[in-house]
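Colleague: Predicted model follows, preceded by the sequence.
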Amino acid sequence: MHIPDGILPASVCAAGYGATIPIVWYSIHKISKEGDPREKIPKASLLTAAFFVASWIHIPVPPTSVHLVLNGLLGVVLGYFAFPAILIGLFFQAVMFQHGGLTTLGVNAVVMGLPALLSYYVFRLGNILRKDNNIITGVFGFLAGFCAIGLSVCIFLPILITNIPSGFDVSTERAAIYTLALAHVPLMFIEGAFTAFVAVFLQRVRPELLVRA
Amino acid sequence: MRFGFDEYIHLGSPLHRWDPRYKLIGLLALIFAFSFVSDLRMLPAMVVVTSAAYIVSKLPVSFMLTRLRYPSFFLLAVVLLLPFLSGETIVMSIGPLDLRQEGLAAVLLIATRFLSILTIGLVLFSTAPFLTTIKAMRALHLPAILTDMALLTFRYLQEIGDYLHRMETSMRLRGFRQRRVSIHGFRILAWLGGSILVRSYERSEWVYKAMILRGYGQAESLKGEFQASYTDVFALGATLLIAAGFVVGDILI
């Protein structure tokens, strides 16, 4: 779900950066309000690296295997640090593996990061019920992972398909968006289940890792 | 686990010697100018500028080819799909498939822009130590939260990558078969992900204490870290002019 360089027109790339800047500002503003941000930077950085590495785990989906996006889990663990973490992760992926792109960094950050923030809010809803219950943690973990990928797909596909410099007509574009969105539904369930399992694991082993504000 | 990032920083080309702050501004401007191009007649100029930058950087061609391995899947998909799906003017029919002119033009535009931006990106990040480039971003007033996080993430990425590798090896030694599909296996993979997070979190508590002991948080000055010469400024001016040339050229043609 990374849009590479060269595929989007400059105006869309600029709009991506235009949307990223206020979201980064909002995240930093919220982080600063929660106390000294420097204290949390090592935790957020090492967890960013850990997420980057955890996304290399192969999940078998016959006849192949998939890598997870984990943006929902990022929201569940990092809270307002999730958007900066995703921005940095995408920057490293673009520079190290040429996966994604530099001009499309803003667009990709919005595609992945905005749903991560949403999943943080979704997971926090579980706190209203009961913080330390494994079933509630699992259910809201699943919802966080499921919704994050779902929203990412909803942002990603229209941006990609309507901006390819081509002569597709409207009905072909719409059909492509619906088909590709449906193809992502299994991935939404996989991400949701993975996020739920990890959230319950963290609840048992290191509950302070989960955002509880 | 090694990323081979700083493999060619010793080559000593003019691009290696260029002040990282000016290089960042100049080459990013060029990259964005390339993304602005939508007229096929601008593509030869783009190829010439990109090739010249790569030749001047002295980076080996084999390096670029290895870096193309992953994105080549994307290029292949574009080349195979767009000419047959996009457009109305049929150039040639191959069995039931029609090769369309608009699709071919789109492929040419996307592939050239993609390869040019990727090549300039390689020149930008492979001609200076990666940490120096991030410090240059900080010197250009990128928020400290972002640059500090980027520096620390980069510092621990390889180490945490090695954790994962070791844990996967020990899981295999204990009989876990990753390719087998089951809920139990899936849950073990989730626990593997969770363990990586827990280990990193525990490590971060020590890292933070060590950073405080070394003076983290004190006012830090980057003055003197970067010093630009007239050549650096001239190179930036020339690169910005070339970038502006692409934008103006694309509008006027």
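Modeller: On my side now, so go ahead.
Colleague: and residue B:215, what helix or strand is that in?
Modeller: Following DSSP states H and E, there is no helix or strand that holds residue B:215.
Colleague: List the contacts of it.
Modeller: Counting by C-beta atoms under 8 Å, 6 or more residues apart in numbering or on different chains, residue B:215 touches no other residue. From N, CA and C alone the C-beta is placed, and that goes for glycine too.
Colleague: which phi and psi does it have?
Modeller: In terms of degrees, to the nearest 10, the main-chain angles of residue B:215 are phi 100, psi 20.
Colleague: quick check, residue B:93 in a helix?
Modeller: No - counting by DSSP: H, G, I helix; E, B strand; the rest coil, residue B:93 is not found in a helix; it is strand.
Colleague: Next one: it relative to residue A:172, how far apart?
Modeller: 19 Å (C-beta to C-beta, to the nearest Å).
Colleague: okay, those two: which has more neighbours?
Modeller: For residue B:93 versus residue A:172, neighbours defined as other C-beta atoms under 10 Å in any protein chain shown are more numerous around residue A:172 (14 against 9).
Colleague: Secondary structure element holding the more buried one?
Modeller: helix A:170-183.
Colleague: Show me what that helix is packed up against.
Modeller: Judged by 3 or more C-beta pairs under 8 Å, 6 or more residues apart in numbering or on different chains; DSSP states H and E, the packing partners of helix A:170-183 are helix A:134-163.
Colleague: Okay, and the residue nearest the centre of chain B sits in which element?
Modeller: The centroid of chain B falls nearest to residue B:121 when counting by C-alpha atoms, centre = their mean (5.8 Å). Using DSSP H and E, the element containing residue B:121 is helix B:101-126.
Colleague: Could you list the low-pLDDT ranges of the chain?
Modeller: Here I'm looking at chain A. Flagging of chain A using pLDDT under 70 yields the residue ranges A:62-63, A:130-131, A:164-170, A:173, A:212-213.
Colleague: look at chain B instead
Modeller: Short version for chain B, where the test is pLDDT under 70: B:1-5, B:178-180, B:217-224.
Colleague: Do you have the strands of it handy? List them.
Modeller: B:90-94, B:97-100 (DSSP state E).
Colleague: Could you dump the ones you listed into CSV and include distance to residue A:208?
Modeller: Output for the strands of chain B, formatted as CSV (distance: least, C-beta to C-beta, whole Å):
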stretch, distance to residue A:208
strand B:90-94, 61
strand B:97-100, 58
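Colleague: Now tabulate these in a markdown table and tack on distance to chain A.
Modeller: Shown next, in a markdown table, are those (distance: least, C-beta to the nearest C-beta, whole Å):
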| stretch | distance to chain A |
| --- | --- |
| strand B:90-94 | 12 |
| strand B:97-100 | 8 |
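Colleague: Could you find the closest non-adjacent residue to residue B:82?
Modeller: Excluding the flanking residues, the one nearest residue B:82 by C-beta to C-beta, 6 or more residues apart in numbering or on different chains is residue B:103, at 4.5 Å.
Colleague: next one: residue B:193
Modeller: residue A:54 (4.3 Å).
Colleague: and residue B:11, how many neighbours?
Modeller: Applying other C-beta under 10 Å, we find 14 other residues in the vicinity of residue B:11.
Colleague: whoops, residue A:95 was the one
Modeller: Using other C-beta under 10 Å, residue A:95 has 22 neighbouring residues.
Colleague: And residue B:140, by the same measure?
Modeller: By other C-beta under 10 Å, 14 other residues sit near residue B:140.
Colleague: For it, give me its contacts.
Modeller: Per C-beta under 8 Å, 6+ apart, neighbours of residue B:140: B:21, B:24-25.
Colleague: Out of the strands of chain B, which is the most enclosed?
Modeller: strand B:97-100 (a mean of 16; mean count of other C-beta atoms under 10 Å in any protein chain shown).
Colleague: Can I get that one in PDB, CA atoms only?
Modeller: Output in PDB follows, covering the C-alpha atoms of strand B:97-100 (Å, rounded to 0.1, in the frame of the first residue of the first chain):
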ATOM      1  CA  LEU B  97      -5.300  -7.900 -26.400                       C
ATOM      2  CA  ASP B  98      -5.200  -4.300 -27.800                       C
ATOM      3  CA  LEU B  99      -2.100  -2.300 -27.400                       C
ATOM      4  CA  ARG B 100      -3.200   1.400 -26.800                       C
END
